[in-house]
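Peer 1: got a predicted structure plus its sequence, pasted below:
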Amino acid sequence: MIMAGDIGATKTILALFNKETGPGKTIAEAVFPSGDYPGLEEIASEFLSHAAHGIPTAACFGVAGPVVNGQANITNLSWNVSVTRLRSILGIPHISLINDVQAVGYSIGSLDATDLKTINEGRPVKGGAKAIIAPGTGLGEAILLWDGRGYRCYPTEGSHADFAPADEQQVGLLRHVGRKFGHVSWERVCSGIGISNLYDYLKATGDYEEPDWLKEKLAVAIDPVPEIFRGAMEADPPAEVCRTTVKMFVSILGAEAGNLALKTLATGGIYIGGGIAPRVLDLIIDGTFMESFTNKGRLAGLLRDIPVRIVMNPRAALMGAAVVGLGMEG
């Protein structure tokens with residue numbers, strides 16, 4: 001039996017798996033509000049005390065942040081996670097920390113057709129590199145490379161590279177966000193954090209009216225992003241400022257996904273993970289995403305041949321951590 005976890009700034013999901021059931025089925029599972037606990041050790045200890053299945057032989061946790069020398073500081077959460085400390089407190093002999101988008105990468109081989117939404121069929125190359133871009137609270141990116149027997153997934157921090165505007169509206173966005181933060185990364189404009197920045201910019205231009213009903217909802221919202229999504233996707237009629245915000249986000253996501261495809265030569269495919277893409281699916285499949293994805297000058301043809309799929313299964317990161325954990329156990 002192994003323990004796997006999907007550790008995020010908002011919530012932590014822990015589960016137990018074994019080789020017989022594989023990464024697709026849990027023995028026990030629980031969800032915890034991350035901010036209510038001082039660290040992962042306390043959550044994992046509480047989970048194991050209630051699971052009543054004994055101590056796992058191995059554990060793998062996908063964490064939202066870079067992992068260096070067995071340690072990680074969780075992005076947007078004041079946690080430091082350490083393999084050495086977890087091993088000592090939990091009594092589990094084999095523990096691994098991997099980046100959460102890296103965990104999604106390890107799930108790809110275990111996902112079926114119902115877990116994926118194809119945006120572009122393309123012409124995949126057998127054994128070709130694959131890459132993942134995952135907008136959620138932040139933005140994650142990872143690369144999958146074929147080693148002759150299977151794919152190995154490697155994390156990156158590419159989302160913190162410099163944002164490159166593609167048109168005059170985005171030039172204005174760059175200036176607006178730059179005045180607030182100094183450095184403008186892709187994460188600042190292509191994530192849950194980014195959605196708020198895009199909305200604030202469009203409202204600041206004075207070109208878009210904020211309806212009274214929307215203003216009232218945003219005034220009391222702890223997180224404005226769900227309200228912006230509802231204003232764009234569910235309101236009748238949609239709020240133009242919300243609709244434009246989401247379409248701008250989709251265009252920026254397409255551009256950075258295309259950048260990632262070029263930098264990794266991802267002829268095996270690009271996968272879009274994270275929690276945002278499934279929520280705005282209608283605006284991704286309307287052509288806006290692929291227009292930006294392929295807008296790469298002389299290499300547009302290469303981009304058109306790259307398959308693009310959205311990971312629709314919200315448990316992908318947990319499954320990927322289980323894949324790694326089960327391999328450790330064996």
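Peer 2: Yep, that arrived. Given the structure is predicted, the values throughout are model-derived calculations rather than measurements. Numbering: from 1, shown residues only.
Peer 1: only C-alpha atoms for contact and neighbour calcs from this point on.
Peer 2: OK.
Peer 1: the protein: strands as residue ranges?
Peer 2: 2-7, 11-17, 28-33, 58-63, 67-68, 71-73, 80-82, 94-99, 116-120, 130-135, 139-146, 151-156, 269-272, 308-311 (DSSP state E).
Peer 1: show me how far the second one is from its chain's centre.
Peer 2: Spelled out, it's strand 11-17. Centre-to-centre, strand 11-17 and its host chain are 17 Å apart (Cα atoms, centre = their mean, to the nearest Å).
Peer 1: how about it: buried residues?
Peer 2: Residues 12-17 are the ones in strand 11-17 that count as buried (16 or more other Cα atoms under 10 Å).
Peer 1: who are the packing partners of that strand?
Peer 2: Strand 11-17 sits against strand 2-7, strand 28-33, helix 316-329, with contacts defined as 3 or more Cα pairs under 8 Å, 6 or more residues apart in numbering; DSSP states H and E.
Peer 1: then the fifth one?
Peer 2: Helices and strands in packing contact with strand 67-68 are listed as strand 94-99; criterion 3+ Cα pairs under 8 Å, 6+ apart.
Peer 1: circling back: and which of the buried residues of strand 11-17 is nearest to residue 308?
Peer 2: residue 13 (27.3 Å; Cα to Cα).
Peer 1: partner residues bridging the closest one?
Peer 2: Going by DSSP bridges, residue 13 is paired in beta bridges with residue 6, residue 31.
Peer 1: that one contacts residue 318, correct?
Peer 2: Yes. Assessed by Cα atoms under 8 Å, residue 13 is found in contact with residue 318 at 7.5 Å.
Peer 1: tell me, what's touching the two both at once?
Peer 2: Here residue 13 and residue 318 have 5-6 as joint contacts, going by Cα atoms under 8 Å, 6 or more residues apart in numbering.
Peer 1: buried set for the helix ranked longest in the chain?
Peer 2: The residue-count maximum for a helix in the chain (DSSP state H) belongs to helix 240-264. Using 16+ other Cα under 10 Å as the test for burial, helix 240-264 gives 241-262, 264.
Peer 1: I'd assumed residue 135 was in contact with residue 274.
Peer 2: Yes. Between residue 274 and residue 135 there is a contact at 5.0 Å, judged by Cα under 8 Å.
Peer 1: which residue of those two possesses the greater neighbour count?
Peer 2: Applying other Cα atoms under 10 Å to residue 274 and residue 135 shows that residue 274 carries more neighbours, namely 27 against 24.
Peer 1: and the closest residue to residue 155 other than its chain neighbours, how many neighbours does it have?
Peer 2: Once flanking residues are discounted, residue 155 sits nearest to residue 142: 4.4 Å by Cα to Cα, 6 or more residues apart in numbering. Applying other Cα under 10 Å, we find 26 residues neighbouring residue 142.
Peer 1: before we move on, what about residue 312?
Peer 2: 21.
Peer 1: quick check: pLDDT value at the residue nearest to residue 155.
Peer 2: Listed pLDDT for residue 142 reads 96.
Peer 1: about what we covered before: among the buried residues of strand 11-17, which one sits closest to residue 73?
Peer 2: Nearest member of these to residue 73, counting by Cα to Cα, is residue 12, at 14.6 Å.
Peer 1: what sits against the closest one?
Peer 2: By Cα under 8 Å, 6+ apart, the neighbours of residue 12 are 5-6, 31-34.
Peer 1: one more: residue 284?
Peer 2: 250, 277.
Peer 1: on that earlier part again, buried ones among the contacts of residue 12?
Peer 2: Counted by 16+ other Cα under 10 Å, those give 5-6, 32, 34 as buried.
Peer 1: out of those residues, flag the one nearest to residue 186.
Peer 2: Set against residue 186, the nearest of the buried ones among the contacts of residue 12 by Cα to Cα is residue 6 (23.0 Å).
Peer 1: tally of neighbours for residue 71?
Peer 2: 18.
Peer 1: one more: residue 178?
Peer 2: 14.
Peer 1: okay, it: pLDDT?
Peer 2: Residue 178 is given a pLDDT of 97.
Peer 1: right, and it touches residue 184 too?
Peer 2: Yes. Residue 178 is within contact range of residue 184, at 5.7 Å (criterion: Cα under 8 Å).
Peer 1: which residues touch residue 66?
Peer 2: Contact partners of residue 66, counting by Cα under 8 Å, 6+ apart, are 72-74, 99, 155-157.
Peer 1: what phi and what psi does the backbone show at it?
Peer 2: phi -70, psi 140 (degrees, to the nearest 10).
Peer 1: how far away is it from residue 53?
Peer 2: As judged by Cα to Cα, to the nearest Å, residue 66 and residue 53 stand 31 Å apart.
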